[in-house]
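> curious how this folds, go ahead:
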Amino acid sequence: MYDIYHFTGGDLEEAPTGDLRTVKGSERTNQRILRRLLTNPGDYVFHPQYGAGLAKKIGETVNPGEWKALITGQMLLEESVASNPPPVIRLTIIEGGVSVSIAYTDATTRVNESLHFDVTR
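From the prediction side, this is the model:
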């Protein structure tokens, strides 16, 4: 399956053919995970429960257990993320935010994948 190529916070990109660039496979899954984790609940009018709202949590006291549970729960809502084995979440406090590393298994290919991003002010 294809989606339009779009990283949260970035612009849509043009393909060499002049159409919108598309994305598939693990890169598609990583884009969908980032979008889900960084979107605030209520931002999507027709899906008010969508999103973890991690960016909104910056400035609050970081509760690692809460963050890990939130991230894991949201990731398991993505059809391309396997529930067994469950995703492994690692958090590191950095200046101005939190660095997040995720190891998960692709539900279709059963290949181990990883994603790393920072949530900062």
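
> count of neighbours near Lys68?
17 (other CB atoms under 10 Å). C-beta: built from backbone N, CA, C; applies to glycine.

> could you shift the numbering so residue one becomes 32, and keep it that way?
OK, 32 is where the count begins now, so the last one is Lys99.

> quick check, it in a helix?
Yes. Judged by DSSP: H, G, I helix; E, B strand; the rest coil, Lys99 forms part of a helix.

> nearest residue to it in space, please, no chain neighbours.
In space, and not counting its chain neighbours, Lys99 is closest to Ile120: 4.5 Å by CB to CB, 6 or more residues apart in numbering.

> quick one: pLDDT of Val119?
Looking at Val119, its pLDDT reads 97.

> for the strand or helix carrying Ile64, give me every contacting residue.
Using DSSP states H and E, Ile64 sits in helix 56-69. With contacts defined as CB atoms under 8 Å, 6 or more residues apart in numbering, helix 56-69 is touched by 32-34, 36-40, 54, 81-86, 102, 105-106, 108-109, 111-112, 131, 133, 137, 142, 144, 146, 148, 150.

> write the ChimeraX selection for whichever of those are buried.
In ChimeraX, this line selects whichever of the contacts of helix 56-69 come out buried by 16 or more other CB atoms under 10 Å:
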select :36,37,54,81,82,83,84,85,86,102,105,106,109,111,112,131,133,144,146,148,150
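
> among the contacts of helix 56-69, which are in strands?
Asp34, Val54, Val131, Ile133, Glu144, Leu146, Phe148, Val150 (DSSP state E).

> distance check, the residue lying closest to Ile133 once chain neighbours are set aside against Ile124.
Spatially, and ignoring its direct neighbours in sequence, Ile133 is nearest to Leu146 (4.6 Å; CB to CB, 6+ apart). Noted for Leu146: a distance of 18 Å to Ile124, by CB to CB, to the nearest Å.
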